[in-house]
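> Structure, please.
(chains A and B)
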2 protein chains.
Amino acid sequence: MSLIIVGSLALDTIETPSGSVSEVPGGSTSYCAIAASYFTHPNIVGVVGNDFPESVITLFKDHHINLEGLTIETGKTFRWGGRYAENFDDRTTLFTELNVFETFNPVLPDTYKKADYVLLANIHPKLQHHVLDQLEADSFVVLDTMNLWIDTARDDLLALINRVDMLVVNDEEAQMLTQERNYMRAARKLLASGPEWLVIKKGQHGALLFHENQVFHVPALILDEVKDPTGAGDTFVGALIGYLDQSKDHSFDNMKLAVVFGSVLASFCVEDFSVDGITYLEESDLETRYDEFVIMSQF
Amino acid sequence: MSLIIVGSLALDTIETPSGSVSEVPGGSTSYCAIAASYFTHPNIVGVVGNDFPESVITLFKDHHINLEGLTIETGKTFRWGGRYAENFDDRTTLFTELNVFETFNPVLPDTYKKADYVLLANIHPKLQHHVLDQLEADSFVVLDTMNLWIDTARDDLLALINRVDMLVVNDEEAQMLTQERNYMRAARKLLASGPEWLVIKKGQHGALLFHENQVFHVPALILDEVKDPTGAGDTFVGALIGYLDQSKDHSFDNMKLAVVFGSVLASFCVEDFSVDGITYLEESDLETRYDEFVIMSQF
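Predicted coordinates for the structure are as follows:
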């Protein structure tokens, strides 16, 4: 067992300035696992209702995603609806129907407990603690979270940050956690609170990787058209940890490549709705896009 | 004659969350010329009152800035006052006293008219046109501007954009000029309107260079403390064109280096008030800072 991913699986209804879609595959795990699948065979833990489309299960299997930790419960799958403003940055949640996800209790199959890499995708910090409690190896743990938990489960989250190897937040979350607007000072505080590695995602402005006194910046690709930003952050972190599981190399130089490939996959993600931008990519697609990042940022 | 810079010279009074200063050297030309001086000997055109401090004239001379085009008029120097909000992004103008700058009519000394490079730093587009009308060579012209002229002198500005080789704007100005929020579509429209080269400055998120179908992104350095963002954009473009004048190489690869050195100087600029961050730097300071950009962005 190498990489396990624990998060949400959902059916999303999304409106953006570029169009709208209804009841499409979503949730942090869907994006993370598909993105990671280009580098390794991820193993997921999650719950869906018996209305979850068989076609999405097939899609996961096509991407060599191990579903041993997936529970299919009688009832409806978690549903989320959101609308993006004209600038694609401001997002309004239209509805959240937790359904079977409301009682989600992530239980790791025995074969998952010695994972080399664990991605705690965005779910309640108490559940993320519960996942870590089940591990039987010194796994490299990456934690993703969201503003909701900083507001409503701050103590659980802070304790969790102290248990992980890498924290991934966006710039708003970094500021909420540290009361610092300055990236460097925010990063210092967050690294001092536990994790050895920190990523601050800046949306269309790229992402920053911090480790000890080192900083790396990866830009976001400049695209002609963004259709749907949903899941771009999940895709980024999924590809990042997938790349780490493939390479098993925690040098700063290799971590740089991990965040570059995170940005490569995220750039595909936003070009289409739901997970459509990141499914069935060829190795040559990734290479071509990687080359665009080289031209764009190397001097 | 190789590089001429035409813009404003002022005495600034600035309040930022890090402190405040009164009647310090400012104006686009001061920043542009000092930044350019690390790569070439810039020649400036401008006007000041007879209250302009002799110490600043000495500072310019120390930086090998040719002052043949500087007019010292009887009267007071242009004064500007501004206050930055807690986030360092939002700026309020507290006062603007044009004084001798109100009737500024840039006249190029004969020795300036065959310049290889011309930087039209931020002044009224009509004056910028007037500078171009006096040139007697096929100079490489870089145009900097501001939101005020997009609002109040749009036609003059659009005609000017069609006369220059490189346009430098910030992201808000790019959007005002094109009604496009998407960087790539905004860049296409601006490149189609005349200039071969375009730079979009993104403040703390760095800058983008566009040419034909190529894009390059340079990050801003992640600093512990920003003291004063005034003049960072001027410093960026001054170093950029200074580097070009030194290298005389318009390949995309060399233009990349020009914007990297623009960011290097801008990173020094914001670390102190007024021009204090960019005066009397050693070559080794620039090299060390350049190396930080390499570590930060090269993979």
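> switch to C-alpha atoms for all contacts and neighbour counts from now on
Will do.
> Which residues of the stretch 51-200 of chain A lie near chain B?
Residues of the stretch 51-200 of chain A lying near chain B by Cα under 8 Å from any Cα of the partner chain: A:N87, A:R181, A:N182, A:Y183, A:M184, A:R185.
> What is the lowest-pLDDT residue among these?
Of all these, A:N87 has the smallest pLDDT value, namely 83.
> these two touch, right, A:I5 and A:N122?
No. The pair formed by A:I5 and A:N122 falls short of the contact definition of Cα atoms under 8 Å, at 10.2 Å.
> after the longest helix anywhere in chain A, next one along is what?
In terms of residue count, the longest helix belonging to chain A (DSSP state H) is helix A:252-269. If you walk from helix A:252-269 toward the C-terminus, the next helix or strand you reach (DSSP states H and E) is helix A:283-297.
> What mean pLDDT does that next one get?
Helix A:283-297 comes out with an average pLDDT of 97.
> Return the residues in contact with A:L94.
A:L94 makes contact with A:W80, A:G81, A:G82, A:R83, according to Cα atoms under 8 Å, 6 or more residues apart in numbering or on different chains.
> ok, A:I5 and A:N122, which is more surrounded?
Each of A:I5 and A:N122 had its neighbours counted (other Cα atoms under 10 Å in any protein chain shown), and the higher figure belongs to A:I5 (26 against 20).
> Which pLDDT value goes with the most centrally placed residue in chain A?
For chain A, the residue sitting closest to the mean C-alpha position, by Cα atoms, centre = their mean, is A:D234 at 2.4 Å. Among the per-residue scores, A:D234 shows a pLDDT of 97.
> nearest residue to it other than its sequence neighbours?
A:C32 (5.1 Å; Cα to Cα, 6 or more residues apart in numbering or on different chains).
> now A:D156: how far from B:F210?
46 Å (Cα to Cα, to the nearest Å).
> before we move on, the earlier item: isn't the residue nearest to the centre of chain A right next to A:Y31, touching?
Yes. At 5.7 Å, A:D234 counts as touching A:Y31 under the criterion of Cα under 8 Å.
> Report how many residues lie close to the spatially closest residue to A:Y290 that is not a sequence neighbour.
Ranked by Cα to Cα, 6+ apart and with sequence neighbours excluded, the top spatial neighbour of A:Y290 is A:V264, at 6.2 Å. One way to gauge burial is a neighbour count; for A:V264, by other Cα under 10 Å, it gives 28.
> Could you find the closest non-adjacent residue to the residue in the stretch 51-200 of chain A that chain B sits nearest to?
With distances taken as Cα to the nearest Cα, the stretch 51-200 of chain A approaches chain B most closely at A:M184, which sits 5.4 Å away. On the basis of Cα to Cα, 6+ apart, the spatially nearest residue to A:M184 that is not a chain neighbour turns out to be B:D224, at 5.4 Å.
> quick one: that neighbour is in a strand?
No. Checked against DSSP: H, G, I helix; E, B strand; the rest coil, B:D224 lies outside a strand; its state is coil.
> quick revisit: of A:D156 and B:F210, which one has the most company?
It is B:F210, of A:D156 and B:F210, that has more neighbours when counted by other Cα under 10 Å, with 25 against 17.
> Quick check: can you name the pairing partners of the helix or strand the more buried one falls within and their directions?
Taking DSSP H and E as the definition, one finds B:F210 inside strand B:207-211. According to DSSP bridges, strand B:207-211 has the following sheet partners: strand B:197-201 (antiparallel), strand B:214-218 (antiparallel).
> on that earlier part again, just give the number of residues close to the residue nearest to A:M184.
Neighbourhood size, B:D224 [other Cα under 10 Å]: 13.
> Touching, it and A:A186? I think so.
No. The pair B:D224 / A:A186 is not scored as a contact, 9.6 Å apart, by Cα under 8 Å.
> Could you list the low-confidence segments of chain A?
Counting by pLDDT under 70, chain A has low-confidence residues at A:1.
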